[in-house]
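In: Generate a structure from the sequence data that follows.
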Amino acid sequence: QVQLVQSGGGSVQVGGSLRVSCAASGRTWSIEGMAWFRQAPGKEREFVVAVRSGGSVIDFLDSVKGRFTVSRDSAKNTVYLEMNTLKPDDTAVYYCAASDMGWGKSANYNYWGQGTQVTVSS
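Out: Below you'll find the model as predicted:
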């Protein structure tokens, strides 16, 4: 089993920045890929970015390219989603996810964080 614990997020005005963290524990060596998803009120969950276990970013939602970046601290088994130049449309609950069965946008993510609210106000 893998456990994912999220932290960070919060509220910011348009153009601001926020960071969401995702700390993995348990069978972390089994993780092949991780990803961030988001779900806005009344909308379906949306893929944001996927990262291979080695840290390389392999998929990015077009609307966040150039504004969002992903980094990792291997020693802490933590992945960070850095969000810059935030827009009201970025308002959502952000979830990190991990898969021990593959990587990429279409992977089967079988472990999920608890979700973190990100609110961007104009």
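In: How much space separates the spatially most central residue of the chain from residue 122?
Out: Relative to the mean C-alpha position of the chain, the nearest C-alpha, by Cα atoms, centre = their mean, is the one of residue 36, at 2.7 Å. With distances defined as Cβ to Cβ, to the nearest Å, the gap from residue 36 to residue 122 amounts to 23 Å. Every C-beta, even on glycine, is put in place using the N, C-alpha and C of the backbone.
In: Equivalent analysis for residue 25, please.
Out: Residue 25 is 37 Å from residue 122, by Cβ to Cβ.
In: Same question for residue 27.
Out: Residue 27 sits 42 Å away from residue 122 when distances are taken as Cβ to Cβ.
In: Between the two, which has more neighbouring residues?
Out: The residue with more neighbours, out of residue 27 and residue 122 and counting by other Cβ atoms under 10 Å, is residue 27; that gives 13 against 7.
In: and the helix or strand of the chain with the lowest mean pLDDT, which strands flank it?
Out: Of all the helices and strands that make up the chain, strand 57-60 has the lowest average by mean pLDDT, DSSP states H and E, namely a mean of 83. Pairing partners of strand 57-60, with direction, according to DSSP bridges: strand 46-52 (antiparallel).
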